[in-house]
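[1] got a structure for you, letters missing:
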C-alpha cells in the first residue's frame, strides 16, 4: 500500500482523501437531521464521524466557574464604561445557568468532535467533492476546516475510528 501525505490531501494507493474537522457547531437550535446536507452532497464517498466524549464533573464545574467569572468580569467592565449589554452576553449567561443546574442535578457534560473525510479517485474529483462538502456545510450551520498538514492523522481518526486510551 502506497501512502503519500500532502498538506491538503492524502493519497492511499490510487484513491485521494481529505479530512475536515468541525471548527464550529451550530450556535442556534437545529432540527433533527441537520447533518443531512453533508450526507447527500455530491457523489463522492464520505465518512462523517461524530465523537461524544464525557467530561469529568469536576473538570466541567471548573470550566463553568471560569466561564462565569469571565462573564461577571465583562459585565463589571461594561457597567464601569456605561456600555450596553449585548443580547449575546445575556444568552451566554442563560446558557451557563442551565449548564450549572444540569451539573448540580447530576447530569454529565460532554464534548463533541466531528470529522468529515471525503474520498475520490483523482485529485480533480477530490477538489469537486471538497466544493460540494463545503457548500453543504452552510445549510447544516457548520464551519469545516481542513486538517492542513495533518491529513494522515485526520484520516485515521475520522475514517478508521478506533478508541484511544487515556483521552
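    In hand now; what should we look at? Just so it is clear, the model here is predicted, and its values are computed rather than measured.
[2] what's the longest helix that the chain contains packed up against?
    Using DSSP state H to define each element, the chain has its longest helix at helix 57-80. Packing partners of helix 57-80 (3 or more CB pairs under 8 Å, 6 or more residues apart in numbering; DSSP states H and E): helix 87-104, strand 109-120. (Each C-beta comes from the backbone N, C-alpha and C, glycine too.)
[3] show me the contact partners of that helix.
    55, 83-85, 89, 92-93, 96, 99-100, 103, 108-109 (CB atoms under 8 Å, 6 or more residues apart in numbering).
[4] neighbour count and pLDDT for the residues you listed - can I get that in JSON lines?
    JSON lines is the format used below for these (neighbours: other CB atoms under 10 Å; pLDDT from 0 to 100):
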{"residue": "55", "neighbour count": "15", "pLDDT": "88"}
{"residue": "83", "neighbour count": "11", "pLDDT": "85"}
{"residue": "84", "neighbour count": "8", "pLDDT": "85"}
{"residue": "85", "neighbour count": "12", "pLDDT": "80"}
{"residue": "89", "neighbour count": "14", "pLDDT": "83"}
{"residue": "92", "neighbour count": "16", "pLDDT": "86"}
{"residue": "93", "neighbour count": "17", "pLDDT": "88"}
{"residue": "96", "neighbour count": "16", "pLDDT": "89"}
{"residue": "99", "neighbour count": "18", "pLDDT": "87"}
{"residue": "100", "neighbour count": "16", "pLDDT": "89"}
{"residue": "103", "neighbour count": "18", "pLDDT": "88"}
{"residue": "108", "neighbour count": "11", "pLDDT": "83"}
{"residue": "109", "neighbour count": "17", "pLDDT": "87"}
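[5] confidence-wise, which helix or strand of this protein is lowest on average?
    The helix or strand of the chain with the lowest confidence, counting by mean pLDDT, DSSP states H and E, is strand 3-5 at a mean of 75.
[6] what is the burial count for residue 132?
    19 (other CB atoms under 10 Å).
[7] how is the residue lying closest to it once chain neighbours are set aside assigned, secondary-structure-wise?
    Counting by CB to CB, 6 or more residues apart in numbering, the nearest residue to residue 132 once its immediate chain neighbours are dropped is residue 42, at 3.2 Å. Using DSSP: H, G, I helix; E, B strand; the rest coil, the secondary structure recorded for residue 42 is coil.
[8] tell me the one of the contacts of helix 57-80 nearest residue 118?
    Minimum distance to residue 118 across the contacts of helix 57-80 is 29.8 Å, recorded for residue 55 (CB to CB).
[9] ok now do the residue nearest to that closest one when sequence neighbours are not counted, which residues does it touch?
    With CB to CB, 6+ apart as the measure, residue 109 is the residue that lies nearest to residue 55, at 4.4 Å, once sequence neighbours are left out. For residue 109, the set of contacting residues under the criterion of CB under 8 Å, 6+ apart consists of 54, 55, 57, 60, 63, 99, 102, 103.
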